[in-house]
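got a structure for you, letters missing:
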């Protein structure tokens, strides 16, 4: 059997290695148009910033090492220019010599990945304008930074690459502005959770131009003027486009393969395309979202590696199936870690799912053990069934551990209430006896059983101030005096029973505290006295962070500045 693979990196290289492990006699040829067949794509921003010092550390395998171990014919700087399914060949061009030839195959695997979005804007080809996707892109940016020592940079796009590169450039002393067309960074997170990410990048001096569309670029004064919608301009010594990626599927389209979302390749759960003996994996393919069941695009290394393995199994006569992607991801943002899995509230709404959420602010380990740090967790679940849909966490320690537990729970089909039953490891330096994941389960249990009713951030502005409801802040007097929501009256939870006569009977009571715990206790007390009570999910800490973020964004928009 002869297998031709188009593209290396995550999907193609993992498939090649798996095919060899399954079939020692197979002839395997990989065509990769860059110089690198397997590299750490996610590490590229950290090489630019000097965190990863050795360029060789980015290269996971070389053509020589791959051949030595797996006897795979890795041909770099070879570009496949056409696919001929009728005669089972591909046209190939040697980019070093210019020679062109055809290569036959019994099985063909496409792993072309995705390419950086480069909209047709004025000035898009300026020398000071970069994209970051390949090792070559990385070397070009690092060389420019070392030689020209730019003092300022504009990054167009607030996703993973934009944020990681922003951090690395900032740590090098470069003044960084992120321009993002949406009103938030990092769309895997709901806007309220993204507020914590915004605060962290602002704290390190990065400016944000949110809700700003780039309309073009112009060389000016040895740098670049970035023209934004509405007539604003930003000037920088260099610009990096990180506004997303698009499936690199021109070959598949020309070959007549079935295409899906945004020009992606349609595959079944065996990673088979619409053409016999042609498979496709990675960022170029359309997949099912594991939680919603909807078709989607998820450009992440983990899914690409798993898809490569599954395709390899099937090429070798097996029957492996890809169950779908749930988009589990994590990112370092200076001192903060932000992670997400499954659907956020916006995604659940878009999928037509009636979702609810709990927001909590637990410590990463036992509060009495020194060094504990708060994290903010949002767990999303289906309202009627309590099906676990997704989670988002931001914090400074213990975030990755909890998101992996929640991602595993989603994959295992657990309900959100079953989180309360998880038997998780505990010692004071690592967790609490009631782990934050357990706490989320307890909270959802209380909601499902009717013990707790919630109100949310978007409800606060709609609450009447005409005396028809009681607005109660259950924090201490000191906390209340340090900041509170207008209209909320302060009665500390520990004084509530003695001051019950201050709360009018027969009226709903909306309660808030710092994190949601004391207000929950207050609600249970009030319920015991016959009150109809609602607990604010997330607490004042959550409310204050989101409202501060919105105020900064509005002020920036009003005065044409970046915050």
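Cool, the structure landed. Please read all numbers here as calculations on a predicted model, not as lab measurements. Residues are numbered from 1 along each chain as shown.

Residue 83 belongs to a helix, doesn't it?
No: checked against DSSP: H, G, I helix; E, B strand; the rest coil, residue 83 lies outside a helix; its state is strand.

What is the neighbour count of the nearest residue to it once chain neighbours are set aside?
Using CB to CB, 6 or more residues apart in numbering and skipping residues adjacent in sequence, the residue nearest residue 83 is residue 255, 3.9 Å away. Every residue, glycine included, has its C-beta placed from N, CA and C. Neighbour count for residue 255, taken as other CB atoms under 10 Å: 20.

Look at residue 255 and report its pLDDT.
Looking at residue 255, its pLDDT is 96.

mind checking how far it is from residue 9?
Noted for residue 255: a distance of 21 Å to residue 9, by CB to CB, to the nearest Å.

phi, psi of the residue nearest to residue 83?
phi -80, psi 0 (degrees, to the nearest 10).

show me the contacts for it.
82-85, 275, 278 (CB atoms under 8 Å, 6 or more residues apart in numbering).

Could you dump those residues into JSON lines and include distance to residue 305 and pLDDT?
Output for the contacts of residue 255, formatted as JSON lines (distance: CB to CB, whole Å; pLDDT from 0 to 100):
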{"residue": "82", "distance to residue 305": "27", "pLDDT": "97"}
{"residue": "83", "distance to residue 305": "23", "pLDDT": "97"}
{"residue": "84", "distance to residue 305": "29", "pLDDT": "97"}
{"residue": "85", "distance to residue 305": "26", "pLDDT": "97"}
{"residue": "275", "distance to residue 305": "24", "pLDDT": "97"}
{"residue": "278", "distance to residue 305": "20", "pLDDT": "98"}
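
And the helices in the stretch 251-400 of the chain?
Secondary structure of the stretch 251-400 of the chain by DSSP state H, counting those that start in this stretch: the helices cover 301-315, 345-350, 399-411.

Contacts made by the second one with the rest, please.
Read it as helix 345-350. Contact with helix 345-350 is made by 190-191, 292, 355, 357, 378, 380, 382, 389-390, as judged by CB under 8 Å, 6+ apart.

Quick one: buried ones out of those?
With burial judged by 16 or more other CB atoms under 10 Å, the buried subset of the contacts of helix 345-350 is 190-191, 292, 355, 357, 378, 380, 382, 389-390.

which two from the residues you listed end up farthest apart in space?
For the buried ones among the contacts of helix 345-350, the farthest-apart pair by CB to CB is 191 and 382; their separation is 20.9 Å.

name the helices or strands packed onto the host helix or strand of residue 519?
Taking DSSP states H and E as the criterion, the element that holds residue 519 is helix 517-528. Where contact means 3 or more CB pairs under 8 Å, 6 or more residues apart in numbering; DSSP states H and E, helix 517-528 is packed against strand 509-512, strand 533-536.

rewinding a little: now do the residue nearest to residue 83 against residue 88, distance only.
For residue 255, the distance to residue 88 - CB to CB - is 11 Å.

could you pull out the strands for the stretch 51-200 of the chain?
Taking DSSP state E, counting those that start in this stretch, the strands of the stretch 51-200 of the chain run over residues 59-61, 73-76, 78-84, 89-94, 100-104, 107-110, 114-116, 129-131, 152-156, 175-180.

Which residues are in contact with the nearest residue to residue 229 once chain neighbours are set aside?
Closest residue to residue 229 apart from its sequence neighbours, by CB to CB, 6+ apart: residue 213 at 4.2 Å. Counting by CB under 8 Å, 6+ apart, residue 213 touches 181, 228-229.

can you check residue 480 too?
Residue 480 neighbours (CB under 8 Å, 6+ apart): 473, 490.

Wasn't it part of a strand?
No: assessed with three-state DSSP, residue 480 is helix; it does not lie in a strand.

And it, how far from residue 361?
Distance of residue 480 to residue 361, given as CB to CB: 18 Å.

Could you do residue 130 as well?
39 Å.

For those two, indicate the residue with more neighbours.
Higher neighbour count among residue 130 and residue 361: residue 130, with 22 against 19, using other CB under 10 Å.

rewinding a little: what separates the helix holding residue 519 from the chain centre, distance-wise?
Here helix 517-528 shows a centroid-to-chain-centroid distance of 35 Å under the convention CA atoms, centre = their mean, to the nearest Å.

do stretch 439-452 as well
From the chain centre to the centre of stretch 439-452 is a distance of 27 Å (CA atoms, centre = their mean).

what does stretch 521-536 give?
Offset of stretch 521-536 from its chain centre (CA atoms, centre = their mean): 37 Å.

Which residues does that stretch contact?
For stretch 521-536, the surrounding residues in contact (CB under 8 Å, 6+ apart) are 451-456, 460, 472, 474, 493, 496-497, 500, 503, 505, 507-513, 516, 519-520, 543.

List buried residues within these.
The neighbour count (16+ other CB under 10 Å) marks 452, 454-456, 460, 472, 474, 493, 496, 503, 508-513, 516, 519-520, 543 as buried among those.

Could you point out which of the buried ones among the contacts of helix 345-350 is nearest to residue 537?
Of all the buried ones among the contacts of helix 345-350, residue 537 sits closest to residue 357, with 6.7 Å by CB to CB.

That closest one - nearest residue in space that isn't next to it in sequence?
Counting by CB to CB, 6+ apart, residue 380 is the residue found nearest to residue 357 once chain neighbours are left out, at 5.1 Å.

doesn't residue 390 make contact with the one you found?
Yes: with contacts counted by CB atoms under 8 Å, residue 380 reaches residue 390, the gap being 4.5 Å.

Identify the contacts common to these two.
Joint contacts of residue 380 and residue 390 (CB under 8 Å, 6+ apart) are 342-344, 348.

Mind putting those into TSV with distance to residue 409, neighbour count and pLDDT?
Listed next are the shared contacts of residue 380 and residue 390 as TSV, based on distance: CB to CB, whole Å; neighbours: other CB atoms under 10 Å; pLDDT from 0 to 100:
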residue	distance to residue 409	neighbour count	pLDDT
342	10	28	97
343	14	29	98
344	16	27	97
348	16	24	97
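
Any regions of the protein where pLDDT drops low?
Counting by pLDDT under 70, the chain contains low-confidence ranges at 38-40, 59-60, 559-563.

distance from the centroid: which residue in it tops it?
Residue farthest from the centre of the chain, counting by CA atoms, centre = their mean, is residue 501 at 48.6 Å.

Identify the residues contacting that residue.
Contacts for residue 501 (CB under 8 Å, 6+ apart) come out as none.

Would you mind giving the secondary structure of it?
Taking three-state DSSP as the rule, one finds residue 501 in the helix state.

how close does it get to residue 507?
Distance of residue 501 to residue 507, computed by CB to CB: 14 Å.

Buried residues, the helix holding residue 519. List them.
Of the residues in helix 517-528, 517-523, 525-526 count as buried by neighbour count, 16+ other CB under 10 Å.

and what of stretch 198-213?
Residues of stretch 198-213 classed as buried: 198-202, 206-210, 212 (neighbour count, 16+ other CB under 10 Å).

Select from the residues you listed every entry located in strands.
Within the buried residues of stretch 198-213, residues falling in strands by DSSP state E are 207-210.

can you give me the strands in the stretch 251-400 of the chain?
265-266, 278-280, 285-288, 295-296, 329-333, 336-342, 355-360, 375-382, 388-395.

As JSON lines, the ones you listed with distance to residue 22 would be great.
Output for those, formatted as JSON lines (distance: least, CB to CB, whole Å):
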{"stretch": "strand 265-266", "distance to residue 22": "23"}
{"stretch": "strand 278-280", "distance to residue 22": "14"}
{"stretch": "strand 285-288", "distance to residue 22": "21"}
{"stretch": "strand 295-296", "distance to residue 22": "29"}
{"stretch": "strand 329-333", "distance to residue 22": "30"}
{"stretch": "strand 336-342", "distance to residue 22": "30"}
{"stretch": "strand 355-360", "distance to residue 22": "41"}
{"stretch": "strand 375-382", "distance to residue 22": "39"}
{"stretch": "strand 388-395", "distance to residue 22": "35"}
